[in-house]
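[1] fold the stuff below for me.
(chains A and B)
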Amino acid sequence: MSRVRDFWNSNRRNPNAIAYAIFIIGAIFYPSIVQFLNGGNGDYLVGFAADGGIYILMAIGLNVVVGFAGLLDLGYAAFFAIGSYTYATVASYHLGVTPIGHALHLPFWIALLIGMFVAAAAGALLGAPTLRLRGDYLAIVTLGFGEIVPIVFRNGEVWTGGVPGISGLDVPSLPGWFVGPWIGQDFGWVPDFRFNTGNLTAYYVLMCFLIAITVVLVHNLYNSRLGRAWMAVREDETAAAASGVNTVTVKLLAFSIGAATSGFAGAFYGAKLSYVSSENFGFVVSVTVLAMVVLGGMGNIPGAMLGAAVLYFILFRLLPDAPAQLQSLASALGLDFLNKADPNGWPGIGEVVSRLKYVIFGLILVGIMLLRPQGLLPSQVRKQELKHAEHEALTAPRQLQG
Amino acid sequence: MALLEVERIDVFYGRVQALHGESLQVDQGEVVALIGSNGAGKTTTLRTISGLQHPARGTIKFNGKDITRSEPQDIVNMGICQSPEGRRLFARMTVLDNLRMGAYTRRNQAEIKQDMDRVFELFPRLKERLNQVAGTLSGGEQQMCAMGRALMAKPKLLMLDEPSLGLAPILVETIFQIVREINAQGTPVLLVEQNATKALEVAHRGYVLETGNIVQTGTGKELLASKEVQTAYLGM
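    Down below sits the predicted model:
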């Protein structure tokens, strides 16, 4: 009992611990709540959250690369694409139509791991020659990589399905040993735990499970010797090398682990959508994930998760719904003239808002960054640093070697 | 056999030659001062010994082993550690994490703990600031943190680059006192300084570096008394 109390006392003022607790409770009750609010028709909202989980996974991964190790990666979606396409190759009918002529249907969990490892290997391959570059130069190279990968997939002809991509991917399945008397049972709001397009709760549960695993792994890495080495490299590469850190290996590991997480998310994405196409992995995805990490609080895992959840909600729910919402608001307030489209001028409030969608998005981003420059949920260190910002001018300026 | 033997090294930055056949050595238990004006090549010497820079010609031996082409992390492993110029702390990491980074290549947790206590004995201020972010320390505290970090590697040779740079006179005094103490506990020190008087007072031996050449050498006292050194570096 006292251990429980100690645990409680040592964590009740730690914002990260609180955030994790809220995430866990929220994740458990979310499906029941949305189902309840929508009278049992909330399935689409559960699926919506499962899709958002993909962005949360990617934000956690990119946070390792950008937040921990300080490597600006602008082509992060490339690893997402590699994960998806790898899953599509090893778990669909696709290989049957290639010159190999024999389709591969690996079990879901193995295919997921393969997607992850192929993405990690791609990260290492890209990293090996480029991680000698610093700062902006690395950003440019990764930007190029992020552009090249989808183009390669688009032009891969039979191997990658070309422009239409690959469809008919295998749906996830529980590992064989998991099958027991509980399969086919009805758990209140979580009906029969089987993966099919009609059962989005199953995907949601799987997603929560994947995120939980990833958070535990990344959190342990952060507190390890490797985590400290990442931060040291971020702070001062030369001083890190002088402390005995093999900077190339350490940066390569950050890059690969980030890529692996993205590949993991990509494989799940392929399995959920049952379809991959090169159109889904553009620069916009990379930048969105980066914005999630920065907005949430760079270098802090729950921060990146929160940033991902908030931006995902804004981008895929708030903004698409805004025109219709405003229209009904206008008519409810008796301002019907706002809704009337004039062929020569005023296009109607809904239309105006949908045209200004990205302006509104930009304003929201600017607003959040002005109100909370350190991110929604910053790491403790960063908070302290901003509080002491006036000190920084006093410290000795870094000198060039002489 | 000397602990560290640097023999006739030539070091270039691109096409600019920074060191011209520089030679020096450090013996067990010594404090050796390397003095010289701006751009004489003092920092380059330390960078080269640390393996951050490689010489075009010449050899560097540590404990009789050739380390001329070794990588920085291997050199740290062998026991050469430096507190670099401008301190170069990990600004957004806590003091504790900075010290832990110093012990990065070591695995024995019990020994690390012991050395951490030793660092806190030398620098009680660091213990008070343990969970503060290093970038928010004062200049003197940062210097202490940098020296503490170097000591955490349990160096067989400690190299200090301009430890007194930008510090208030009273802190300069403290820092040199600590250098003496570190040496008295058995760690040889190679000290690079612009504050020649102070450095030579502490040092057993000294070298005077001028545009990449050693122009004079002797014991600390000899150099303090030398006419050339007095006019050029001591402002007398």
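[2] show me where chain B has helices.
    Counting by DSSP state H, one finds helices in chain B at the ranges B:42-50, B:72-78, B:95-102, B:109-122, B:124-128, B:139-151, B:169-184, B:196-202, B:220-225, B:227-233.
[3] ok, and the closest non-adjacent residue to residue A:123?
    Once flanking residues are discounted, residue A:123 sits nearest to residue A:259: 2.8 Å by CB to CB, 6 or more residues apart in numbering or on different chains. Backbone N, C-alpha and C define where each C-beta goes, glycine included.
[4] what strand or helix carries that neighbour?
    Assessed by DSSP states H and E, residue A:259 sits inside helix A:247-273.
[5] looking at residue A:27 now. What's its pLDDT?
    Model confidence at residue A:27, expressed as pLDDT, equals 91.
[6] okay, it and chain B: tell me how far apart.
    The spacing between residue A:27 and chain B, counted by CB to the nearest CB, to the nearest Å, is 31 Å.
[7] isn't that residue up against residue A:208?
    Yes: Residue A:27 sits in contact with residue A:208 when judged by CB atoms under 8 Å, with a separation of 4.9 Å.
[8] now the helix holding residue A:259: buried residues?
    By 16 or more other CB atoms under 10 Å in any protein chain shown, the buried positions in helix A:247-273 come out as A:247, A:250-273.
[9] now the following helix or strand past that helix: average pLDDT?
    Following the chain from helix A:247-273 toward its C-terminal end, the next helix or strand by DSSP H and E is strand A:275-276. Along strand A:275-276, the predicted confidence averages to a pLDDT of 90.
[10] which helices and strands sit right next to strand A:275-276?
    Applying 3 or more CB pairs under 8 Å, 6 or more residues apart in numbering or on different chains; DSSP states H and E, one finds that strand A:275-276 contacts helix A:77-90, strand A:166-167.
[11] so how far is the lowest-mean-pLDDT helix or strand in chain B off the chain centroid?
    The least trusted helix or strand in chain B, going by mean pLDDT, DSSP states H and E, turns out to be helix B:227-233, with a mean of 82. Computed by CA atoms, centre = their mean, to the nearest Å, the chain-centroid distance of helix B:227-233 equals 23 Å.
[12] so it, near chain A or not?
    No: contact of helix B:227-233 with chain A (CB under 8 Å from any CB of the partner chain) is absent, the minimum separation being 16.0 Å.
[13] go through that helix and flag the buried ones.
    Buried residues in helix B:227-233, counted by 16+ other CB under 10 Å: B:229, B:232-233.
[14] what do you get for stretch B:30-40?
    Applying a neighbour-count criterion of 16+ other CB under 10 Å, the buried positions in stretch B:30-40 are B:30-36, B:40.
[15] for that stretch, measure first residue to last.
    Criterion CA to CA, to the nearest Å; first-to-last residue distance in stretch B:30-40 is 23 Å.
[16] other residues contacting that stretch?
    With CB atoms under 8 Å, 6 or more residues apart in numbering or on different chains as the contact definition, stretch B:30-40 has outside contacts at A:402, B:24, B:26, B:42, B:45, B:179-180, B:183, B:188-194, B:196, B:199-200, B:202-212, B:220, B:223, B:229, B:232-233.
[17] who in the stretch 101-250 of chain A is up against chain B?
    Along the stretch 101-250 of chain A, the residues adjacent to chain B under the rule CB under 8 Å from any CB are A:225, A:228-229, A:231-232, A:234-236, A:238-246.
[18] and those, which are buried?
    A:228-229, A:231-232, A:234-236, A:238-246.
[19] go through these and flag which are in strands.
    Within these, membership in strands is found for no residue, as judged by DSSP state E.
[20] show me chain A divided up by domain.
    Under automatic domain parsing, the residue ranges defining each domain of chain A are A:1-41, A:55-296, A:300-384.
[21] can you list those in a markdown table and add distance to residue B:99?
    Supplementary listing: the domains of chain A in a markdown table, determined by distance: least, CB to CB, whole Å:
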| stretch | distance to residue B:99 |
| --- | --- |
| domain A:1-41 | 23 |
| domain A:55-296 | 11 |
| domain A:300-384 | 15 |
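[22] please identify the most buried of those.
    Burial of these is given as mean neighbour count (mean count of other CB atoms under 10 Å in any protein chain shown); domain A:55-296 ranks first at a mean of 20.
[23] give me the distance between the two termini of that one.
    Start-to-end span of domain A:55-296 (CA to CA) is 13 Å.
[24] for stretch A:80-99, same thing?
    In stretch A:80-99, first residue to last residue: 26 Å (CA to CA).
[25] can you check stretch B:101-108 too?
    Using CA to CA, the end-to-end distance of stretch B:101-108 comes to 14 Å.
[26] now what about that stretch, what contacts it?
    Residues outside stretch B:101-108 that contact it (CB under 8 Å, 6+ apart): A:225, A:228-229, A:232, A:240, A:243-245, B:73, B:76-77, B:81, B:90, B:93, B:112, B:115-116, B:148-154.
[27] in the stretch 101-250 of chain A, which ranges drop under the pLDDT threshold?
    Low-confidence segments of the stretch 101-250 of chain A, defined by pLDDT under 70, span residues A:174-198.
[28] same deal with chain B?
    Within chain B, the stretches with pLDDT under 70 are B:236.
[29] distance check, the residue nearest to residue A:123 against residue A:30.
    As defined by CB to CB, to the nearest Å, residue A:259 lies at a distance of 29 Å from residue A:30.
[30] let's have the helices of chain B in CSV, adding distance to residue A:52.
    Conversion of the helices of chain B to CSV gives the following (distance: least, CB to CB, whole Å):
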stretch, distance to residue A:52
helix B:42-50, 48
helix B:72-78, 41
helix B:95-102, 33
helix B:109-122, 41
helix B:124-128, 44
helix B:139-151, 42
helix B:169-184, 53
helix B:196-202, 61
helix B:220-225, 68
helix B:227-233, 66
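[31] so which residues of chain A form strands?
    Counting by DSSP E, the segments of chain A that form strands are A:91-92, A:104-105, A:166-167, A:275-276.
[32] relative to residue B:49, which of those strands is closest?
    With respect to residue B:49, and counting by CB to CB, the nearest of the strands of chain A is strand A:275-276 at 53.7 Å.
[33] list the strands paired with the closest one, with their directions.
    Here strand A:275-276 is paired, per DSSP bridges, with strand A:166-167 (antiparallel).
[34] relative to residue A:111, how far out is the residue nearest to residue A:123?
    Summarising the geometry, the distance separating residue A:259 from residue A:111, computed by CB to CB, is 17 Å.
[35] same thing with residue B:114?
    Taken as CB to CB, the span from residue B:114 to residue A:111 is 50 Å.
[36] just to revisit the earlier point, indicate which one of the domains of chain A is closest to residue B:61.
    domain A:55-296 (19.8 Å).
[37] next one: that closest one to chain centre, how far?
    Computed by CA atoms, centre = their mean, the separation of domain A:55-296 from the middle of its chain amounts to 9 Å.
[38] cool, and stretch B:169-183?
    The gap between the average C-alpha position of stretch B:169-183 and the chain average comes to 13 Å, counting by CA atoms, centre = their mean.
[39] could I get the buried residue list for that stretch?
    Counting neighbours by 16+ other CB under 10 Å, one finds that the buried residues in stretch B:169-183 are B:171-172, B:174-176, B:178-179, B:182-183.
[40] export those residues to a markdown table and tack on distance to residue A:295?
    Below are the buried residues of stretch B:169-183 laid out as a markdown table (distance: CB to CB, whole Å):
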| residue | distance to residue A:295 |
| --- | --- |
| B:171 | 41 |
| B:172 | 45 |
| B:174 | 44 |
| B:175 | 43 |
| B:176 | 48 |
| B:178 | 44 |
| B:179 | 47 |
| B:182 | 46 |
| B:183 | 51 |
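[41] that'll do, ta.
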